[in-house]
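Novice: Build me a model from this:
(3 chains)
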Amino acid sequence: MGERQPVVDELGSRWPRYEEAVLGYRHYWYPVLESRKLRKRPHPLTLLGEKIVLVRDGGKVYALNDRCLHRGIPLSMGRREFPGSITCCYHGWTYDLASGEVVAALTDGPDSAVCGRPGLRVRTYPVEERAGLIWIYVGDEPRLPVEEDIPESLLRPDAVVEPMVDLRDGNWRYAMENAVDDAHAKCLHRYNLWFFFTRLPGYGTGARMTPTDDGKWLRRVSTPEFRPADYPGLGKWPKYGFWRWRGRRVKADKGTGSNILGGACLPGIFSVGHENWEDFQIFVPVDEDRHLMLQVSVRHTRGLGALLWRLRYWTYIRLIHHIMFNRWEDGRVVPVMSEPEHLFRPDMAIVHWRQWCHENARRSPAEAASVRPAELEAG
Amino acid sequence: MGERQPVVDELGSRWPRYEEAVLGYRHYWYPVLESRKLRKRPHPLTLLGEKIVLVRDGGKVYALNDRCLHRGIPLSMGRREFPGSITCCYHGWTYDLASGEVVAALTDGPDSAVCGRPGLRVRTYPVEERAGLIWIYVGDEPRLPVEEDIPESLLRPDAVVEPMVDLRDGNWRYAMENAVDDAHAKCLHRYNLWFFFTRLPGYGTGARMTPTDDGKWLRRVSTPEFRPADYPGLGKWPKYGFWRWRGRRVKADKGTGSNILGGACLPGIFSVGHENWEDFQIFVPVDEDRHLMLQVSVRHTRGLGALLWRLRYWTYIRLIHHIMFNRWEDGRVVPVMSEPEHLFRPDMAIVHWRQWCHENARRSPAEAASVRPAELEAG
Amino acid sequence: MGERQPVVDELGSRWPRYEEAVLGYRHYWYPVLESRKLRKRPHPLTLLGEKIVLVRDGGKVYALNDRCLHRGIPLSMGRREFPGSITCCYHGWTYDLASGEVVAALTDGPDSAVCGRPGLRVRTYPVEERAGLIWIYVGDEPRLPVEEDIPESLLRPDAVVEPMVDLRDGNWRYAMENAVDDAHAKCLHRYNLWFFFTRLPGYGTGARMTPTDDGKWLRRVSTPEFRPADYPGLGKWPKYGFWRWRGRRVKADKGTGSNILGGACLPGIFSVGHENWEDFQIFVPVDEDRHLMLQVSVRHTRGLGALLWRLRYWTYIRLIHHIMFNRWEDGRVVPVMSEPEHLFRPDMAIVHWRQWCHENARRSPAEAASVRPAELEAG
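Specialist: Below is the predicted model:
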């Protein structure tokens, strides 16, 4: 019985690196915006608690701390007076987009002593564009290449990617745990239009997560039970409508081979496989109480196939799956989750994810060097 | 002079049980909602700082702590999957409405170890329906019957009751003191439509409260003065319009016999007598800064009389008395009352009410057993 | 280089009397409202963190602490029952407008012991009306006459004054520093309609402030540079549109004679000179995060000249200068200014203003007597 019932109330003491990650894990690349949405106007955002402004210049994207050194005015209110730089709207302090250095203080003339003054630079962040998204690196150097933190499937040359970005209430960990959690779909999403003709299992058994061979993903495994069960003292459940009996069966994720359908990956990516397309849900910490949810749908195809795929995405996937399913239904529960908790058997997947984060979340080079193996085991 | 002027600035030290009752007094029944407003949909509310969900099932009403034990989702967002229980919308944890015990965790199958696990139950609250209202008991057991906390007048078989419930800003004690206070009506409500043809006294003398013979109510007593008085250096006041001179005189409450017109009762009920109907104002603590005000109007009649009374209530009593008078006028001052205070002669009624609360507010059985008479006197 | 670059990061320790003035300086007269806007209805406001109600009675204006002593209800919700007094709406406590004493508690009758009770009075504030504005004195007695704190120009018999009052976000010191600061206009306001045909300098040199002969004003001095300059690695700036080349040149303020154009004065007045009219910007502390900005425009003229001046003011000055220029553009940056700061050469004017405040802000008679010259120098 004890084995079957993972009520884990003393979680905090077990996996401190997960408990402490209120603002997420540093030393990762995070996607923050659709590439096509960053045009001439600077774009302000908050990432892992830090204020950042995105600027597109000469086709390239730059990210700087969104605060002028002079009096604290956000640089996102600034103007683009010269190529390669951004100018604060207030007094014309002008920052090199690549280095963050002050290259001019316009209203002080060309000989201003502010320029080139050591220590007078705003923090810059490495930025890359991949898969139609802008990715920012938050953490110490040396950094890994951005490809290291992007699902391979999104990087394939024949990937046709459709992203959607939501700013949502709730800590990022609640949102990611909601994605990792297989069980809630059987209840919260049961009456969703997406599953209208689907025979959704009532419960699953043996929920757990196991690492993939390459050690990058945690694959979710459980065995679905489609037959209505008899709950003692209550009755049969689920009560399928007749139109569901012959419908498609939603399978729980199987742990077969190297596929990563139904898998989780640091720093907060969840992959859901569909028949011939894949959906990545990426949870990006904004501050303690908010996160970005990116729903990135991808199909590997070309030419007419790409056109048909986009048509299908915009016809119903975006509305029914991304908006009605995830934005409306998950978006109602994630902001109201709270401690204390009492976990149950299907939460074993969440427990494995927490442990995985605690043990595998990337460390800065400095930290990594100072962590001794004994500590890791004791931790 | 000292006797005439109850300036009571050191109140806190005198009646600590009143000062401490920021969230109200426990071990009482509180009315929270009109019976007819609770239908299929669960109803969330806050009472004495506690989150509660009301559920009607099979004609009976149940009250549970509004928080699923699993991840903290409000049960008021839940569904009614089986009779006699409520099911959390998130993972299908199902609670017995009467006991609060977990009877199923649907997405974990019928053999879930969560069911029947000792200690895994949400708090339930005793609930009763009387006089068209839903009453919840907040406090320790053994409890008194609900009739003990309902004015007798509302329980009579010929009582025709019309309730109205408002959620208002301000601590419940300010609201109840405003009701106990006779004097403010002569100023704040002087120009109200309700009193348009009424000759309202300018002031009263001898304000005080005295217990009724049965020891349940504090009856308000004072002698009204209808003649305009000459205020030194200012002039005559009140200035009655000519149309008021022949009007009905509003009498201050007399302390005659066992009637409770103009009386206060724990935990926060005030009764105002009118010619042939009675108005109960009941103040229910929500949290530190909010309270419910219930205005419960009752007339003892039957048949056609009941019909006429309801007609009268909906024609003008509700609008002019309950909405314009109490909601608009009292609702403006109660939220802006603040400390420190300087009480004056008419506040003797409030002072008596505070003392009454300090001395008579119900204690839990455990507390009651441990309080020695000496402490009560010293307190 | 050090001389040219006034990066003043350790400001707080240098001029503590400026750092501490979060709520402004006491012992000054402050303008708070246009005279014509105070009619029958009492007007509530906050000044240097204190809640005040303005009342006009018999042509004269009075200011009292906006809180009834009885239960804390704002007197601004009160009624005018008798001339020379204000009556709280709740129980009729009536206060003498001039002294703040309780002269009646109406609902307690004419013999209420509340009247004349020592210590029972609300605080009153000296008030004067000058130049179409209501001025309140906040501070200790003996006080200076109100004329001491009003720019002479506004008091001249031929002064035709047009005021505009805004309640704005941001601490008053940021707002006043924004006015003192000459440089930001060259950048923030460059594309404003007000300067459309104007050739605005790109920068200035030698920014500083020097006291006027009478020791009341700090005059701003700098030398404007109208030619586009070549900023290393960036290019020429500013880029004048062709229509600006022949336009009027906005001159920086010159330190010639006794004029106070472009001058600052305690407790927070800035004067901007235009061709034949003058604009006073007065910044009045409300609380830590808000201030009043008064834009008081004046021209010295009579008869038809006055009419034409008012026509001009209402045709475009108010809209383009006061609303579009100051309310919209300055109103965007003042609320988002923050610490830490890195000052640059043009900020020398601000540095001089801070120092001036630290050294010259008025002290109460008691403070003034206890300050020894040695302390002043050490400070």
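Novice: Now for chain A: which helix has the highest residue count?
Specialist: Counting by DSSP state H, the longest helix found in chain A is helix A:348-360.
Novice: What ranges does chain A have for its helices?
Specialist: A:11-14, A:16-19, A:152-155, A:172-180, A:185-188, A:242-245, A:303-312, A:331-333, A:348-360, A:365-370, A:373-378.
Novice: Tabulate those helices in TSV, adding columns for mean pLDDT.
Specialist: Shown next, in TSV, are the helices of chain A (pLDDT from 0 to 100):
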stretch	mean pLDDT
helix A:11-14	57
helix A:16-19	94
helix A:152-155	95
helix A:172-180	97
helix A:185-188	92
helix A:242-245	70
helix A:303-312	96
helix A:331-333	95
helix A:348-360	95
helix A:365-370	84
helix A:373-378	54
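Novice: and those as JSON lines, adding mean neighbour count and distance to residue C:340?
Specialist: Just so you know, the C-beta spots here come from the backbone N, C-alpha and C atoms, and that holds for glycine as well. Listed next are the helices of chain A as JSON lines, based on neighbours: other CB atoms under 10 Å in any protein chain shown; distance: least, CB to CB, whole Å:
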{"stretch": "helix A:11-14", "mean neighbour count": "12", "distance to residue C:340": "35"}
{"stretch": "helix A:16-19", "mean neighbour count": "16", "distance to residue C:340": "32"}
{"stretch": "helix A:152-155", "mean neighbour count": "16", "distance to residue C:340": "40"}
{"stretch": "helix A:172-180", "mean neighbour count": "25", "distance to residue C:340": "29"}
{"stretch": "helix A:185-188", "mean neighbour count": "25", "distance to residue C:340": "47"}
{"stretch": "helix A:242-245", "mean neighbour count": "10", "distance to residue C:340": "62"}
{"stretch": "helix A:303-312", "mean neighbour count": "13", "distance to residue C:340": "49"}
{"stretch": "helix A:331-333", "mean neighbour count": "18", "distance to residue C:340": "38"}
{"stretch": "helix A:348-360", "mean neighbour count": "21", "distance to residue C:340": "35"}
{"stretch": "helix A:365-370", "mean neighbour count": "11", "distance to residue C:340": "26"}
{"stretch": "helix A:373-378", "mean neighbour count": "8", "distance to residue C:340": "36"}
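Novice: ok, back up a step: just the CA trace of the longest helix of chain A, in CSV.
Specialist: The C-alpha trace of helix A:348-360 is given here as CSV (Å, rounded to 0.1, in the frame of the first residue of the first chain):
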residue,chain,number,x,y,z
MET,A,348,4.4,9.9,-9.4
ALA,A,349,5.1,11.6,-12.7
ILE,A,350,5.3,14.9,-11.0
VAL,A,351,7.5,13.5,-8.2
HIS,A,352,9.9,12.1,-10.8
TRP,A,353,10.0,15.5,-12.6
ARG,A,354,10.8,17.3,-9.4
GLN,A,355,13.6,14.9,-8.5
TRP,A,356,14.9,15.2,-12.1
CYS,A,357,15.1,18.9,-11.8
HIS,A,358,16.8,18.8,-8.5
GLU,A,359,19.4,16.5,-9.8
ASN,A,360,19.9,17.6,-13.3
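Novice: Next up, the contacts around whichever residue of the stretch 251-379 of chain A sits closest to chain C.
Specialist: With CB to the nearest CB, the shortest gap between the stretch 251-379 of chain A and chain C falls at residue A:287, namely 17.2 Å. Residues in contact with residue A:287 (CB atoms under 8 Å, 6 or more residues apart in numbering or on different chains) are A:23, A:46, A:49.
Novice: from those, which is closest to chain C?
Specialist: Among the contacts of residue A:287, and counting by CB to the nearest CB, the member closest to chain C is residue A:46, at 14.7 Å.
Novice: and that closest one, bridged to which residues?
Specialist: Listed beta-bridge partners, residue A:46: residue A:51 (assigned using DSSP bridges).
Novice: Repeat that for residue A:220.
Specialist: In this entry, residue A:220 is beta-bridged to residue A:209, by DSSP bridges.
Novice: thought it was touching residue A:206?
Specialist: No - at 10.8 Å, residue A:220 does not count as touching residue A:206 under the criterion of CB atoms under 8 Å.
Novice: So for those two, which sits in the more crowded spot?
Specialist: residue A:220 (30 against 11; other CB atoms under 10 Å in any protein chain shown).
Novice: Mind pulling the model confidence for the more buried one?
Specialist: We have a pLDDT of 88 for residue A:220.
Novice: Now do the contacts for it.
Specialist: So residue A:220 contacts A:180, A:182, A:207, A:208, A:209, A:252, A:253, A:262, A:263, A:264, A:349 (CB under 8 Å, 6+ apart).
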